[in-house]
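Engineer: Everything below, folded, please.
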Amino acid sequence: MVELKFYGIGGQGMVTAGKILSEAVSLYEGKYAITVPSYGAERRGAPVNTSIILDDEPVLVNSFVYNPDIVLVSDPSIIDKGVDVSEGIHEDSILVLNTEDEKVLDAYKKYDFKEIYYVDATRIALDNIGKGIPNGSMLGALAATGIVKIDSVESAIKITFGEKAGEKNARAAREAYEQTKKM
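Structural biologist: Predicted coordinates:
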């Protein structure tokens, strides 16, 4: 079982990203998944998070993730809003972060993640879809960790967004996958 927690700001598509990840592993990798979103204030700009549990066996629990193996952060400023992205992490927890800013990376080093993967997912989204919605590109960065195949992510994105938007978002995912760096 792999437990993931996605953090972002309302409007970045993190709830959708959780659903796409669940579809990617369920439809294309023969695994099981459950996604449990938490909306908070339910408005654009407010902190949101989504819990995802992946397993080779049916997932029989329907709850939030409290001890994530992987934490994905689509907006690094979320820590300035009082959100503790390290809550419940353990010695093997991995961080996937939307930034290439050295100051931001330094700020996140204090959380003691085992590994940090990072990419400028917002720039990639702007270049590919014309909007600063990094959900597709963040899924590409997540695929760089090896938890899901990039081909599965691309296929699930195309199903979710349809032909035109799906192609653009899948291209953003692939580009982020190829540009993700590991610390």
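
Engineer: CA atoms for contacts and neighbours, from now on please.
Structural biologist: Will do.

Engineer: Look through the chain and tell me its longest helix.
Structural biologist: helix 163-179 (DSSP state H).

Engineer: name the helices or strands packed onto that helix?
Structural biologist: helix 121-129, helix 135-143, helix 150-161 (3 or more CA pairs under 8 Å, 6 or more residues apart in numbering; DSSP states H and E).

Engineer: list the buried ones in it?
Structural biologist: The neighbour-count check on helix 163-179 (16 or more other CA atoms under 10 Å) flags 165-177, 179 as buried.

Engineer: Closest to the centroid, which residue in this structure?
Structural biologist: For the chain, residue 72 is the residue whose C-alpha lies nearest the centre (CA atoms, centre = their mean; 4.4 Å).

Engineer: my read: it touches residue 95, true?
Structural biologist: Yes - proximity of residue 72 to residue 95 meets the contact threshold set by CA atoms under 8 Å, at 5.8 Å.

Engineer: Surely residue 65 touches residue 51?
Structural biologist: Yes - in this structure residue 65 lies within contact range of residue 51 using CA under 8 Å: 5.3 Å.

Engineer: higher neighbour count, those two?
Structural biologist: Neighbour totals were compared for residue 65 and residue 51, and residue 51 leads with 23 against 19 (other CA atoms under 10 Å).

Engineer: next SSE after the helix or strand the more buried one falls within?
Structural biologist: In this assignment (DSSP states H and E), residue 51 forms part of strand 47-55. Toward the C-terminus, strand 47-55 is succeeded by strand 70-73 as the next helix or strand (DSSP H and E).

Engineer: Direction included, what does the helix or strand following that next one pair up with?
Structural biologist: Later in the chain than strand 70-73, the nearest helix or strand by DSSP H and E is strand 94-98. Looking at strand 94-98 with DSSP bridges, its partner strands are strand 70-73 (parallel), strand 115-119 (parallel).

Engineer: Which one, of these, ends up nearest to residue 45?
Structural biologist: Residue 45 lies closest, by CA to CA, to one member of the strands paired with strand 94-98: strand 70-73, at 14.3 Å.
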